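Engineer: after the sequence you'll find the predicted model.
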Amino acid sequence: MEKTRSLEDIQSSTPQTAIRCAKVAILLSSLKHSLTSSNNCLIPSKEEDEKAKMVKLELLREKEKNNKLKVNAVMDLFLQILMMLLLWTLWLLIAAEFCY
């Protein structure tokens, strides 16, 4: 039981089909254009690649510098606590001599 279309149905649907096809063609064309233009933006040039490498190197240097500062700060705190304990011990020894 095939559905047969009359000539009137075909003629009335033809403009609608043509309009749909034209809209699809326009959308595909704009999509193709946008993909082409976005692909050009995604490919880095050698200069941009070198700049990215330089920024990475600079970031690594900054991290290394921050790590050294942290180690120095910890050592400084340790030495300050040690000095405070030594002075406190000296003060207690001097105080103990006066008491006896």
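Structural biologist: Looks like it came in fine. Quick caveat: nothing in here was measured; it's all calculated off a predicted structure.
Engineer: do you know the pLDDT at N66?
Structural biologist: According to the predicted model, the pLDDT of N66 comes to 90.
Engineer: kindly report the same for I43.
Structural biologist: 64.
Engineer: mind giving me the domain split of the protein?
Structural biologist: Structural domains assigned to the chain are 7-43, 46-100, following automatic domain parsing.
Engineer: possible to save those domains as CSV with mean neighbour count?
Structural biologist: (Each C-beta comes from the backbone N, C-alpha and C, glycine too.) Output for the domains of the chain, formatted as CSV (neighbours: other CB atoms under 10 Å):
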stretch, mean neighbour count
domain 7-43, 9
domain 46-100, 10
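Engineer: rank those by pLDDT, which is bottom?
Structural biologist: The bottom spot among those, by mean pLDDT, belongs to domain 7-43, with a mean of 68.
Engineer: distance of L59 relative to K53?
Structural biologist: Distance of L59 to K53, computed by CB to CB, to the nearest Å: 11 Å.
Engineer: one more: N72?
Structural biologist: Per CB to CB, N72 is found 29 Å from K53.
Engineer: same question, L92
Structural biologist: 59 Å.
Engineer: also L87?
Structural biologist: L87 is 51 Å from K53, where distance means CB to CB.
Engineer: in the chain, where's the longest helix?
Structural biologist: helix 46-99 (DSSP state H).
Engineer: now it, how far from the chain's geometric center?
Structural biologist: Relative to its parent chain, helix 46-99 has a centroid offset of 30 Å by CA atoms, centre = their mean, to the nearest Å.
Engineer: shift numbering so it begins at 48
Structural biologist: Okay, residue one is now 48; in that scheme the one you just asked about reads as helix 93-146.
Engineer: who does that helix touch, helix- and strand-wise?
Structural biologist: In terms of contacts (3 or more CB pairs under 8 Å, 6 or more residues apart in numbering; DSSP states H and E), helix 93-146 is not packed against any helix or strand.
Engineer: show me what stretch 126-136 is in contact with.
Structural biologist: Residues from elsewhere that reach stretch 126-136 (CB atoms under 8 Å, 6 or more residues apart in numbering): none.
Engineer: restrict that stretch to CA atoms and write it as CSV.
Structural biologist: The C-alpha trace of stretch 126-136 is given here as CSV (Å, rounded to 0.1, in the frame of the first residue of the first chain):
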residue,chain,number,x,y,z
LEU,A,126,67.3,29.7,64.0
GLN,A,127,65.1,32.3,65.9
ILE,A,128,63.6,29.6,68.0
LEU,A,129,67.0,28.1,68.7
MET,A,130,68.4,31.5,69.7
MET,A,131,65.4,32.2,72.0
LEU,A,132,65.9,28.8,73.7
LEU,A,133,69.7,29.5,74.1
LEU,A,134,69.0,32.9,75.6
TRP,A,135,66.3,31.5,77.9
THR,A,136,68.7,28.8,79.1
